[in-house]
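Just the structure for this:
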Amino acid sequence: MNMQLSATQIAALIQGTVEGDASVTVNSLGKIEEAEQMQLSFLANDKYEEFLYTTKASIVIVNQHLNLKKPVAATLIRVADAYLAFSLLLEKYDEQFTNQLSGVQQPSYVAPSVQIGNNVFIGVFACINENVKLGKNTKIYSGVFLGNNVIVGDNAIIYPGVKIFHNCIIGNNVIIHAGAVIGSDGFGFASQADGSFKKIPQIGNVVIEDDVEIGANTTIDRATMGSTRIKKGTKLDNLIQVAHNVEIGNNSAIAAQSGISGSTKIGNNVMLGGQVGIAGHIQIGDGVKIAAQSGATKSIESGKTVSGTPAFEHTAELRSQAIKRKLPDLEKRIQELEELVKKLMAEKVQ
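Now for the predicted structure:
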């Protein structure tokens, strides 16, 4: 924060109720276990409650129904959801910084045919090629490459080093983090009689719809034909590979190091844990949850929660894992039973 805010002002911003000195002010943010005086913090996880009673933070945002076990020195602001309330303040803080950026820094290259909306920022060493369209309030940071005919909507943030290749379309309120590559060639090759591979031209594009966020160093391949599409509200973590002609539905969330093979369709509100692998040409239904390090090789019905490789119903997989852990003991019992049977058979013969 570059300006001081009182507890009363903060409570008004996040629709909270002040408990303590409403006139106390803060000028920066801090974690509850490390915060100093004049800092604002929050408590959303019960594991950190012990720090509430020792923190030096001047103001702490807490959940409405938190029952205090000890006296608290800080002024409290009670809200329905402390985590969401604090995230709203972080958003305001971030907006304060980004709104200061405007104009075109030099040296950079902006083709004469580029259309630039109001209050756009283009950072140093950016390269904006022919017929690109940039919506209002969009921020293009240093070292970004935008190929011919790229369209970027309003209020987008494209962080340093992002590469967006020709003909790709980026919607409104999209955030793309550093090093991401959008629209590189899909992995398309035809096997030849002599064992070599012939490259198949990738003439499609990538469409990123509104309110999508894409993590650092994530790669999204352009379609062979048509579009690779990430639909509205979906969030992609860092280091994700999305192959050509993949479609990901609305409001899905995919954790780091996951890989989605070509032409797979992922539904709405899907959640993938870290390092999930999904085979090509299958369908993942709405609301599916796939646990970390799982491998989906077949289509999955809507609403299912799966894990393992190959992935199948999660509770069944947990039972299988429990049985696997018992295998050494089961083997020992079988050996003991075999010895007992041999002994009984020997006694019967006698």
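
Tell me who's in contact with residue 20.
By Cβ atoms under 8 Å, 6 or more residues apart in numbering, the residues touching residue 20 are 7, 72, 74, 75, 76. C-beta coordinates here come from the backbone N, C-alpha and C atoms, glycine included.

Relative to residue 112, which of the residues you listed is nearest.
residue 7 (52.2 Å; Cβ to Cβ).

got the buried residues for the host helix or strand of residue 340?
Per DSSP states H and E, residue 340 falls inside helix 314-349. Residues of helix 314-349 classed as buried: 314, 317 (neighbour count, 16 or more other Cβ atoms under 10 Å).

likewise stretch 304-314?
Using 16+ other Cβ under 10 Å as the test for burial, stretch 304-314 gives 304, 305, 306, 307, 308, 311, 312, 314.

Repeat that for stretch 93-104.
101, 104.

Only the C-alpha atoms, please, for that stretch, written as CSV.
Coordinates of each C-alpha in stretch 93-104 appear next as CSV, following Å, rounded to 0.1, in the frame of the first residue of the first chain:
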residue,chain,number,x,y,z
TYR,A,93,-3.4,-3.1,-4.1
ASP,A,94,-2.4,-4.6,-7.4
GLU,A,95,-4.7,-2.4,-9.4
GLN,A,96,-3.1,0.6,-7.8
PHE,A,97,0.2,-0.4,-9.2
THR,A,98,-0.8,-1.5,-12.7
ASN,A,99,-3.0,1.5,-13.2
GLN,A,100,0.1,3.7,-13.0
LEU,A,101,1.4,2.0,-16.2
SER,A,102,0.6,3.6,-19.5
GLY,A,103,2.2,4.5,-22.8
VAL,A,104,4.8,2.8,-24.9
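
For that stretch, give the mean pLDDT please.
Mean pLDDT, stretch 93-104: 77.

how far away is residue 254 from residue 47?
In this view, residue 254 and residue 47 are 26 Å apart by Cβ to Cβ, to the nearest Å.

okay, who's weakest in the buried residues of stretch 304-314 by pLDDT?
Lowest pLDDT among the buried residues of stretch 304-314: residue 312, with 63.

For residue 298, which residues are in contact?
Applying Cβ under 8 Å, 6+ apart, we find residue 298 in contact with 279, 282, 310.

likewise residue 329?
When the contact criterion is Cβ under 8 Å, 6+ apart, residue 329 has no partners at all.

Low-confidence ranges, this protein, go.
Within the chain, the set of residues satisfying pLDDT under 70 comprises 1-3, 97, 312, 350.

Now do the phi/psi pair for the closest residue to residue 286 other than its chain neighbours.
Leaving out its chain neighbours, the residue that sits closest to residue 286 by Cβ to Cβ, 6 or more residues apart in numbering is residue 267, at 3.8 Å. For residue 267, the backbone dihedrals are phi -80, psi -160 (criterion: degrees, to the nearest 10).

Residue 267 and residue 257, how far apart?
Per Cβ to Cβ, residue 267 is found 21 Å from residue 257.

State the phi and psi torsions of the spatially closest residue to residue 117 that is not a sequence neighbour.
Distance criterion Cβ to Cβ, 6+ apart; nearest residue to residue 117, sequence neighbours excluded, is residue 136 at 3.7 Å. Backbone geometry at residue 136, expressed as degrees, to the nearest 10, gives phi -70, psi 150.

Likewise for residue 87?
phi -60, psi -30.

what's the burial count for residue 55?
23 (other Cβ atoms under 10 Å).

give me every residue that touches it.
Contacts for residue 55 (Cβ under 8 Å, 6+ apart) come out as 32, 33, 35, 41, 73, 74.

How many neighbouring residues does residue 143 have?
Per other Cβ under 10 Å, the neighbour tally for residue 143 reads 18.
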